[in-house]
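Peer 1: just to be clear, the model below is a prediction. Sequence and coordinates:
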Amino acid sequence: MIIRKIVYKNFRNIEYACVTPSESVTVFNGLNGQGKTNILEGVYFFAGGRSFRTVHENELVRFGNEYGQIEMTFFDGKRENEMLFRFVPRLGKRFCSINGVPITRLSEVVGKFRAVLFCPEHLSIVKDGPSVRRKFIDHALSQTDTDYLRSLQKYNALLSQRNALIKMARDRRDDNIFLLSDVYAEQLANEAEIISEKRDIYVSCLSVVSDEIINDMTGGNESCKLTYQTRKTKEEYLSLLTENRDRELRFGATLYGTHKDDIEIMLNGREARAFGSQGQQRSVALSMKIAEGELSRKVSGTYPVFLFDDILSELDEKRREYLLSGIENKQVIITSCDKIDTPCKVYNVNNGVVN
Ligand SMILES: Nc1ncnc2c1ncn2[C@@H]1O[C@H](COP(=O)(O)OP(=O)(O)O)[C@@H](O)[C@H]1O
Ligand SMILES: [Mg+2]
């Protein structure tokens with residue numbers, strides 16, 4: 001995957017920018033709040049058809065403008081492609097086209113362009129709550145597996161409908177309303193089985209590759225193992241939902257399902273979250289991110305583009321060197337407040353102006 005060109009128009013604080021990244025390393029330098037992450041947000045948008053920062057796409061349009069737009073030309077290993085997103089707040093809509101053909105469904109975007117994003121939030125993936133880890137697999141899987149994305153979207157829609165019913169049942173103290181939520185339980189369990197199976201398989205693969213990487217990074221000193229918790233069958237998900245009515249009614253929400261699952265991360269045979277030092281936890285995070293890129297290549301034959309948002313200054317010398325040593329023949333885009341001492345193409349970002 002190689003990005004040739006990205007054109008931003010009224011995207012976030014960028015009025016206009018045309019970026020032609022190097023085929024290896026490109027760095028966006030600038031002080032805080034100038035628009036570096038906005039640049040990467042635009043790039044990553046092409047990878048899944050959504051922002052990694054917001055679900056409100058109106059925010060992507062530069063204040064006071066009718067529309068905002070991003071356009072990318074990239075080579076996917078076989079052919080050159082052109083992809084465009086236009087956001088129109090007044091219509092509450094966004095438009096997408098690939099090679100000039102209008103695209104209406106998000107699933108048609110999936111897999112066309114792939115990227116791995118590594119941002120400071122990921123460094124605490126071991127220590128933080130389960131939602132960060134679920135988001136990690138969701139982003140990774142959604143990029144290569146249309147069926148996964150479809151199930152996830154369906155599951156989330158069903159979940160919010162069921163939650164609304166349970167909340168209403170609680171607020172009105174009406175059990176009959178709660179019984180209606182069973183209509184959703186069956187369908188939720190269906191999708192949950194699909195989601196948990198795919199996550200389980202993905203995490204097993206990620207585990208093997210992450211272990212190899214952390215081994216390599218630490219000269220054989222560390223090993224890690226990742227396990228999805230917990231893959232269940234449709235019947236198991238369904239009985240959790242039907243057997244815990246009282247509890248769910250008390251909380252006013254769906255308490256069981258794949259939206260509660262987690263990844264267990266073991267380091268040298270112990271739970272990394274409890275027993276790993278900050279440095280060790282960061283090594284695991286790093287190895288998981290590099291592994292994500294390796295798996296993406298295994299699935300589709302070419303490396304994704306790597307995006308490092310403000311990550312290098314957070315890593316110590318040893319880990320930074322490891323990360324940078326592995327980026328030969330990959331396209332990498334880095335944002336940083338400091339200068340980077342690696343051969344690269346440099347852009348300066350100042351108040352939304354890129355040059
Ligand atoms: N829709 C928008 N229109 C104009 N400016 C915006 C919009 N969204 C965010 N910004 C501005 O973008 C800047 C943040 O850019 P960001 O890329 O996060 O900076 P950094 O260089 O630190 O990564 C802030 O100044 C913010 O006000
Ligand atoms: Mg930033």
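Peer 2: Sure thing, it's come through. Ligands and ions are numbered 1, 2, ... in the order given.
Peer 1: tell me the pLDDT of the most centrally placed residue in the chain.
Peer 2: The centroid of the chain falls nearest to residue 139 when counting by Cα atoms, centre = their mean (3.2 Å). pLDDT recorded at residue 139 is 90.
Peer 1: and what of residue 146?
Peer 2: Per-residue confidence (pLDDT) for residue 146: 89.
Peer 1: contacting residues around it?
Peer 2: For residue 146, the contacting residues are 107, 110, 111, by Cβ atoms under 8 Å, 6 or more residues apart in numbering. No exception for glycine: its C-beta is placed from N, CA and C like everyone else's.
Peer 1: ditto for residue 253
Peer 2: Contact partners of residue 253, counting by Cβ under 8 Å, 6+ apart, are 163, 166, 167.
Peer 1: give me the nearest residue to the residue of the stretch 251-355 of the chain found nearest ligand 2, chain neighbours excluded.
Peer 2: Per Cβ to the ion, residue 310 is where the stretch 251-355 of the chain lies closest to ligand 2, at 5.1 Å. Leaving out its chain neighbours, the residue that sits closest to residue 310 by Cβ to Cβ, 6 or more residues apart in numbering is residue 335, at 5.5 Å.
Peer 1: show me what contacts the one you found?
Peer 2: By Cβ under 8 Å, 6+ apart, the contact set of residue 335 is 27, 28, 29, 30, 36, 37, 39, 40, 308, 309, 310, 349.
Peer 1: for it, give me the pLDDT.
Peer 2: You'll see residue 335 listed with a pLDDT of 97.
Peer 1: phi, psi for it please.
Peer 2: Dihedral angles of residue 335 (phi, psi; degrees, to the nearest 10) stand at phi -110, psi 140.
Peer 1: next, see if stretch 105-117 gets close to ligand 1.
Peer 2: No: judged by Cβ under 6 Å from any ligand atom, stretch 105-117 and ligand 1 are separated, with a smallest distance of 13.2 Å.
Peer 1: can you pull out the residues in contact with that stretch?
Peer 2: 1, 40, 43-44, 46-50, 52, 72, 74, 76, 81, 83, 96, 98, 103, 139-140, 142-146, 149-150, 153, 289, 292-293, 296, 300, 304-307, 309.
Peer 1: inside helices: which ones of those?
Peer 2: 40, 43-44, 46-48, 139-140, 142-144, 146, 149-150, 153, 289, 292-293, 296, 300 (DSSP state H).
Peer 1: so which of the residues you listed reach ligand 2?
Peer 2: The subset of those within reach of ligand 2, counting by Cβ under 5 Å from the ion, is empty.
Peer 1: filter these to the buried ones?
Peer 2: Applying 16 or more other Cβ atoms under 10 Å to these, the neighbour count classes 40, 43-44, 46-48, 139-140, 142-144, 146, 149-150, 289, 292-293, 296, 300 as buried.
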